[in-house]
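Trainee: Okay, sequence plus prediction incoming.
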Amino acid sequence: MHNILTFDLEEWYVYRSLFGDYGSDYRLEHYLDLFLDTFTSHNIQATFFVLGSIARSHPHIIRKIFDAGHEIGCHSDVHTWLTDFNESQFEEDTRKAISSIEDVTGSKVLGYRAPAFSITPKNKWVLEILKKHGIEYDCSIFPAGRDFGGFTEFSVDTPSIIEYAGIKIKEFPMGVTTILGKKIAYSGGGYFRLLPYSTIKKLISSRGYNMTYFHLRDFDKEQSRKLTIRYFKDYYGINSAMAKFHKLIADFIFTNITQANKTIDWSSTHIIKL
């Protein structure tokens, strides 16, 4: 069984660019420290997908995570959805982000996750560029439709090998389930806060592969809130999210992507030709 624990670390950039929340640094670092301490006590190594811009503006945050033994992957440079890039723009964003992260950690970046899972059938060329820049595995495929991306043509939601334009890259997609006729990712983000824990526990228990994706803002009860059409999805369940997360890591054994990668028999996995 592969239960993989990942965080998308973007708040130090996103809070400022979207909300102008300049009082968030102390609060965010407090939440990060809570998680790092919890992971140490449970002997968990997670994967953190981080922005290149945070590596430049807050290098001590990235070093703190890395020095605690966690894996650092790339989550783009400034959290631009990949659907907004042409090929040269994406290549520069990727080069800049990876370079900034590696300058802080001194370690090669092997993994990538696109903001908002924004690799789609229309921009699958990004996989070529990721491979060119040394990315060995991608975690960007959401094998269903969603607001800001999604890849409905992707036929599996388990670790696979993608073949495209002469390259091969390992893919760790999101796992999905169908609720009320809609495919959703049950193991992170807003749906983790929305769904009852009993439902999440049942879904994870029934599958041999579960990819989680969390953000500090999923747990930040004091964050600035904006009244938008996404208000319910953005903030529902946030007060109880931390307690639910602690139930999750008590009930299941989690690993990071590099550890899972070493135990997967890639010779018997699906090969997806795009």
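Mentor: Happy to help now that I have it.
Trainee: Report the spatially nearest residue to residue 160, omitting neighbours in sequence.
Mentor: Of all residues beyond its chain neighbours, the one nearest residue 160 is residue 270 (4.2 Å), with distances taken as C-beta to C-beta, 6 or more residues apart in numbering. Where C-beta positions appear, they are placed from N, C-alpha and C, glycine not excepted.
Trainee: quick one: that neighbour and residue 69, what's the gap?
Mentor: Distance, residue 270 to residue 69, by C-beta to C-beta, to the nearest Å: 31 Å.
Trainee: and what of residue 144?
Mentor: 33 Å.
Trainee: Show me which of those two is the more surrounded one.
Mentor: residue 144 (20 against 14; other C-beta atoms under 10 Å).
Trainee: Would you report the backbone torsion angles of the more buried one?
Mentor: Here the main-chain torsion angles of residue 144 (degrees, to the nearest 10) amount to phi -170, psi 170.
Trainee: try the one 3 residues further on
Mentor: Main-chain torsions, residue 147, degrees, to the nearest 10: phi -60, psi -40.
Trainee: Run a quick neighbour tally on it.
Mentor: By the criterion of other C-beta under 10 Å, residue 147 has 8 neighbours.
Trainee: Repeat that for residue 37.
Mentor: For residue 37, using other C-beta under 10 Å, the count is 11.
Trainee: Same question for the one 4 residues further on.
Mentor: The number of residues packed around residue 41, counting by other C-beta under 10 Å, is 9.
Trainee: swap in residue 102?
Mentor: Residues near residue 102, counting by other C-beta under 10 Å: 17.
Trainee: Repeat that for residue 257.
Mentor: There are 27 residues near residue 257, going by other C-beta under 10 Å.
Trainee: what's the answer for residue 61, then?
Mentor: Residue 61: 20 neighbours (other C-beta under 10 Å).
Trainee: likewise residue 50?
Mentor: 30.
Trainee: contacting residues around it?
Mentor: 9-10, 62, 65, 72-75, 101 (C-beta atoms under 8 Å, 6 or more residues apart in numbering).
Trainee: Apply 7 Å and report the result again.
Mentor: 9, 62, 72, 75, 101 (C-beta atoms under 7 Å, 6 or more residues apart in numbering).
Trainee: so the last one is in which element?
Mentor: Per DSSP states H and E, residue 101 falls inside helix 87-105.
Trainee: thought the residue nearest to residue 160 was touching residue 157?
Mentor: No. Counting by C-beta atoms under 7 Å, residue 270 does not reach residue 157; the two are 10.2 Å apart.
Trainee: Settle it for me: which of those two has more neighbours?
Mentor: The residue with more neighbours, out of residue 270 and residue 157, is residue 157; 21 against 12, by other C-beta under 10 Å.
Trainee: which SS class is the more buried one?
Mentor: coil (DSSP: H, G, I helix; E, B strand; the rest coil).
Trainee: Equivalent analysis for residue 37, please.
Mentor: Reduced to three states by three-state DSSP, residue 37 is helix.
Trainee: What does the pLDDT read for residue 87?
Mentor: On pLDDT, residue 87 comes in at 97.
Trainee: how close does it get to residue 112?
Mentor: 16 Å.
Trainee: can you check residue 236 too?
Mentor: 29 Å.
Trainee: if you count what's nearby, which of the two comes out ahead?
Mentor: Between residue 236 and residue 112, residue 112 has the larger neighbour count (other C-beta under 10 Å), namely 28 against 13.
Trainee: doesn't residue 76 make contact with the more buried one?
Mentor: No. Residue 112 is beyond contact range of residue 76, at 8.2 Å (criterion: C-beta under 7 Å).
Trainee: what about residue 131, neighbour count?
Mentor: Neighbours of residue 131 under the rule other C-beta under 10 Å: 19.
Trainee: Okay, buried residues for the helix holding residue 101 please.
Mentor: Judged by neighbour count using 16 or more other C-beta atoms under 10 Å, the buried positions of helix 87-105 are 90-91, 93-94, 96-98, 100-102, 104-105.
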